[in-house]
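Colleague: Can you look at this prediction? I've put the sequence above it.
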Amino acid sequence: DAKTTQPPSMDCAEGRAANLPCNHSTISGNEYVYWYRQIHSQGPQYIIHGLKNNETNEMASLIITEDRKSSTLILPHATLRDTAVYYCIVRANFGNEKLTFGTGTRLTIIP
Amino acid sequence: EAGVTQSPTHLIKTRGQQATLRCSPISGHTSVYWYQQALGLGLQFLLWYDEGEERNRGNFPPRFSGRQFPNYSSELNVNALELEDSALYLCASRPGTGTGYNEQFFGPGTRLTVL
C-alpha cells in the first residue's frame, strides 16, 4: 500500500467546514483513496472513498487533485460529534486488501 | 441491519494465559479481518479469513491464531499472553460481492488487558 502523510492534529470551529488534507505522492494508478475515522476507543467508521473524481456522500466530500498525489476530506458543517482521528488510506480496490492505517489526524471540533 | 458484534467487551488475563476473542460479522458478510490497536499505536493488521480459510496474516507471532466458522463468525486466540498484548482488538467484516464490497465494517472491539 502507498504511504500517506497527514497532519497530526487540527482544530475546527463547530459549524464550520473541516478540511483534512492527505498527501499520497506515490499512489499507483489502481489505488483508491479511502477515509475512515475513529471516535475515541470505538471501531473505525468508513467515510468515503474515490479514485480520481471528486466524491460526495451524506457524511463528507472528497476532493482528489488531478495528479492524484493529494486529497482533502471535507466535513461541510462540523459538529462536536465529528471529533475523532481521521485516517487517509490508499489501497487497490480488490476488496480483499487489508487496510494499512497510518497515524491519522486528530480533529478536534471547538464549541 | 445489525452491525459487527464482538465479545467480550473487556477481558483481563495474566501473563502466560490464553485469550479467546469472538466476532460475529454482519449478516451476509463472508470476510472477517482482525486488527490490533495497542495504546499509542495505530491499527495493525492481524489476520484475514474468508470462506473459512485464512487468507493473509500480518507480522505477528504464531501464538496469534484464529479460525472462521461455517456461519462466518470468527475467533481470535492469543496464547502465552505477554504484557504487550494489551490492546484493543478490532474485528471488521466485508461482503463477498455486491454493494460495499470494498468497505470494511468494524465492530466496537474487545479491550484485552494482560496483567
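Modeller: That came in fine, so what should we check first?

Colleague: could you list every residue that touches the residue in chain A that chain B sits nearest to?
Modeller: Taking CB to the nearest CB, chain B has its nearest neighbour within chain A at A:Gly43, 3.1 Å off. Placement of C-beta: from N, CA and C, glycine included. For A:Gly43, the contact set (CB atoms under 8 Å, 6 or more residues apart in numbering or on different chains) comprises B:4, B:90, B:92, B:106-109.

Colleague: Over to B:Lys13?
Modeller: By CB under 8 Å, 6+ apart, the contact set of B:Lys13 is B:19, B:81, B:112-115.

Colleague: re the thing from before, now, among the contacts of A:Gly43, which is nearest to chain A?
Modeller: Nearest to chain A among the contacts of A:Gly43, with distances taken as CB to the nearest CB, is B:Phe106, at 3.1 Å.

Colleague: Any idea how many residues pack against that closest one?
Modeller: Applying other CB atoms under 10 Å in any protein chain shown, we find 23 residues neighbouring B:Phe106.

Colleague: Kindly report the same for A:Tyr36.
Modeller: Using other CB under 10 Å, A:Tyr36 has 24 other residues around it.

Colleague: Can you spell out which residues form a bridge with it?
Modeller: Taking DSSP bridges as the rule, A:Tyr36 bridges to A:Tyr46, A:Tyr87.

Colleague: my guess is it meets A:Gln45, correct?
Modeller: Yes: at 6.3 Å, A:Tyr36 counts as touching A:Gln45 under the criterion of CB atoms under 8 Å.

Colleague: sorry, back to before: any of the contacts of B:Lys13 buried? List them.
Modeller: With burial judged by 16 or more other CB atoms under 10 Å in any protein chain shown, the buried subset of these is B:19, B:81, B:112, B:114.

Colleague: What is the nearest of those to B:Tyr35?
Modeller: B:Leu112 (12.8 Å; CB to CB).

Colleague: Just list what the host helix or strand of the closest one packs against, helices and strands only.
Modeller: Taking DSSP states H and E as the definition, B:Leu112 sits inside strand B:110-114. Packed against strand B:110-114 by the contact rule (3 or more CB pairs under 8 Å, 6 or more residues apart in numbering or on different chains; DSSP states H and E) you find strand B:10-13, strand B:19-24, strand B:87-95.
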